[in-house]
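Enquirer: structure for the following, please:
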Amino acid sequence: MNDAVIDIRGLVTRFGSNVVHEGLDLALPAGEVLALVGGSGSGKTTLLRQVIGLLQPQRGQIRVFGQPLFSGDALADRQLRRRFGVLFQQGALFSALNALENIAFPLRELRWLDRDTIHDLVMIKLAMVELEPQHAWLMPAELSGGMIKRVALARALALEPELLLLDEPTAGLDPDRSEAFVALIRRLRDQLGLTVVLVTHDLDTLAALATQVAVLGERRILAYGPLDHVMKNDHPFIRSFFCAERMSRVLARSRS
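Expert: Numbering: from 1, shown residues only. From the prediction side, this is the model:
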């Protein structure tokens with residue numbers, strides 16, 4: 001797909017004798033929100049790590065914004081990675097840095113912004129994720145679980161990315177905070193025109209956010225498309241995962 005933000009062809013991933021992906025193909029157009037789902041060991045997080053560039057596959061190609069992710073050109077690879085932001089499952093904040101310094105970290109890595117500009121940009125990002133200016137001075141240990149997620153999201157958005165990658169974005173949050181965080185992601189996606197990829201096992205998060213769903217299993221993509229389309233697939237795992245009674249309740253909540 002020529003206009004795909006992410007285009008994966010013939011992906012093969014092995015860890016020793018364990019084959020995780022075997023000839024996996026996936027193409028994601030701009031503006032979509034793709035949820036990666038699957039059973040334990042199906043390779044969801046591994047695939048996300050490969051799209052981020054933290055793990056190189058044994059075979060196959062990953063192109064992001066039309067460019068190879070592992071080109072061998074260090075400068076080109078670094079410039080490409082600035083076009084996407086990542087929110088890790090537990091936030092992955094630097095424990096020795098306060099919220100402001102965590103968000104400022106990627107901005108300081110650019111080495112061409114002065115201190116005042118960085119401070120102003122951090123405050124803008126804090127406001128974007130619905131945190132107050134005084135929260136900038138809190139250390140990660142002083143932040144609630146929901147605030148950690150928001151600071152980590154602000155850091156992921158620091159370089160104005162076009163692609164946002166989320167690993168279990170609502171994991172560890174209670175239902176109210178999870179719902180509020182999902183609403184925040186949805187609002188930012190609409191405002192910023194982001195393409196989003198998220199790994200999730202939470203059906204409420206999936207139903208509220210995803211425009212496309214990819215089900216991983218048997219070393220490949222078992223089904224890919226809008227949620228309503230995927231739910232009609234007769235594969236045993238898909239029927240079990242999207243249990244009709246459970247999903248009907250989830251969809252009712254997401255549409256209320």
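Enquirer: next, L26: phi, psi?
Expert: L26 has phi and psi values of phi -160, psi 130 when expressed as degrees, to the nearest 10.
Enquirer: now for it: which residues touch it?
Expert: 6-8, 11, 214, 221, 224 (C-beta atoms under 8 Å, 6 or more residues apart in numbering). Placement of C-beta: from N, CA and C, glycine included.
Enquirer: where's it relative to H119, distance?
Expert: 39 Å (C-beta to C-beta, to the nearest Å).
Enquirer: list of residues touching the helix or strand where V151 lies?
Expert: Secondary structure here is read from DSSP states H and E; on that basis V151 sits in helix 145-156. By C-beta under 8 Å, 6+ apart, the residues outside helix 145-156 that reach it are 85-88, 90-93, 99, 102-103, 105-106, 122, 125-126, 128-131, 135, 138, 140, 143, 164, 169, 172-173, 177, 180-181, 184-185, 188.
Enquirer: sorry, back to before: who wins for most neighbours among the contacts of L26?
Expert: Within the contacts of L26, most neighbours by other C-beta atoms under 10 Å means L11, with 25 neighbours.
Enquirer: what packs against the helix or strand harbouring that one?
Expert: Under DSSP H and E, the secondary-structure element containing L11 is strand 4-15. For strand 4-15, the contact count by 3 or more C-beta pairs under 8 Å, 6 or more residues apart in numbering; DSSP states H and E identifies strand 18-29, helix 44-52, strand 59-64, strand 195-199 as packing neighbours.
Enquirer: please repeat the previous calculation with a cut-off of 6 Å.
Expert: Applying 3 or more C-beta pairs under 6 Å, 6 or more residues apart in numbering; DSSP states H and E, we find strand 4-15 packed against strand 18-29, strand 59-64.
Enquirer: for these, give me CSV that also has distance to T45 and mean pLDDT.
Expert: Supplementary listing: the helices and strands packed on strand 4-15 in CSV, determined by distance: least, C-beta to C-beta, whole Å; pLDDT from 0 to 100:
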stretch, distance to T45, mean pLDDT
strand 18-29, 10, 93
strand 59-64, 15, 92
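Enquirer: so which of those comes closest to V197?
Expert: Comparing the helices and strands packed on strand 4-15 against V197 with C-beta to C-beta, the closest turns out to be strand 18-29 (6.9 Å).
Enquirer: and that closest one, which strands flank it?
Expert: With DSSP bridges as the criterion, the sheet partners recorded for strand 18-29 are strand 4-15 (antiparallel).
Enquirer: now the partner strand against strand 59-64, angle please.
Expert: Computed with axes from the mean of the first three to the mean of the last three C-alpha atoms, to 10 degrees, the direction of strand 4-15 lies at 150 degrees from that of strand 59-64.
Enquirer: low-confidence ranges in the stretch 101-250 of the chain?
Expert: 244-250 (pLDDT under 70).
Enquirer: ok, now with 90
Expert: Where the stretch 101-250 of the chain drops to pLDDT under 90, the residues are 108-114, 170-176, 201-204, 207, 228, 231-234, 237-250.
Enquirer: need the contact list for the residue nearest to F88 when sequence neighbours are not counted.
Expert: With sequence-adjacent residues excluded and distances taken as C-beta to C-beta, 6 or more residues apart in numbering, F88 is closest to D167, at 5.5 Å. With contacts defined as C-beta atoms under 6 Å, 6 or more residues apart in numbering, D167 is in contact with 48, 88-89, 199.
Enquirer: and the helices in the stretch 101-250 of the chain?
Expert: Per DSSP state H, counting those that start in this stretch, the stretch 101-250 of the chain has helices spanning 115-128, 145-156, 175-192, 203-209, 227-230, 236-241, 244-255. These are given in chain order.
Enquirer: most packed of the ones you listed?
Expert: A comparison of the helices of the stretch 101-250 of the chain by mean neighbour count, using mean count of other C-beta atoms under 10 Å, puts helix 145-156 on top with a mean of 24.
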